[in-house]
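Asks: just to be clear, the model below is a prediction. Sequence and coordinates:
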Amino acid sequence: MTEPGATLVSSQPFKVTPQILKFSPTSCHAGTSVAIAGSALSQTTSVKFNGVSASFTVDSNGQVAATVPLGATTGTITIATPVTAVSPQVFTVN
């Protein structure tokens, strides 16, 4: 639609899907802080390392800092906003 001044209304809720683009470092041990970069991260409600919940802080809409929790194993990182994003790479726990 290209009509100037027109307003469109959706009958369904609109949700912005978060994305994890990269994280650094890509491997480390429990207790280390990991910078997770992506998009639509400002509403983060949880961070998990291969299913193990981590403490975290939202630095910005594009970055979350999380601490690798005790008991974490090698696998993906997930962020819930409440929509869940999964890292495209595997995070290695040493």
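Replies: Done, it's in.
Asks: when you work out contacts or count neighbours from here on, use the C-alpha atoms and nothing else.
Replies: OK.
Asks: pick out the residue nearest the middle of this structure.
Replies: Centroid-nearest residue in the chain, with C-alpha atoms, centre = their mean: residue 79, separated by 3.4 Å.
Asks: in its sheet, which strands sit next to the helix or strand where it lies, and in what direction?
Replies: Residue 79 is part of strand 77-80, with elements assigned from DSSP states H and E. Paired neighbours of strand 77-80 in the sheet (DSSP bridges): strand 46-49 (antiparallel), strand 84-86 (antiparallel).
Asks: just those: most buried one?
Replies: For the strands paired with strand 77-80, the largest average neighbour count (mean count of other C-alpha atoms under 10 Å) is found in strand 46-49, namely a mean of 23.
Asks: any idea how far the helix or strand that comes right after it is from the middle of the chain?
Replies: Downstream of strand 46-49, the first helix or strand assigned by DSSP H and E is strand 52-54. Centre-to-centre, strand 52-54 and its host chain are 12 Å apart (C-alpha atoms, centre = their mean, to the nearest Å).
Asks: list of residues touching the strand holding residue 79?
Replies: 18, 20, 44-51, 84-87, 90-91 (C-alpha atoms under 8 Å, 6 or more residues apart in numbering).
Asks: max pairwise distance over those: which two?
Replies: Within the contacts of strand 77-80, 45 and 90 form the most distant pair, 21.0 Å apart (C-alpha to C-alpha).
Asks: which stretches of the protein have low pLDDT?
Replies: 1-3, 14 (pLDDT under 70).
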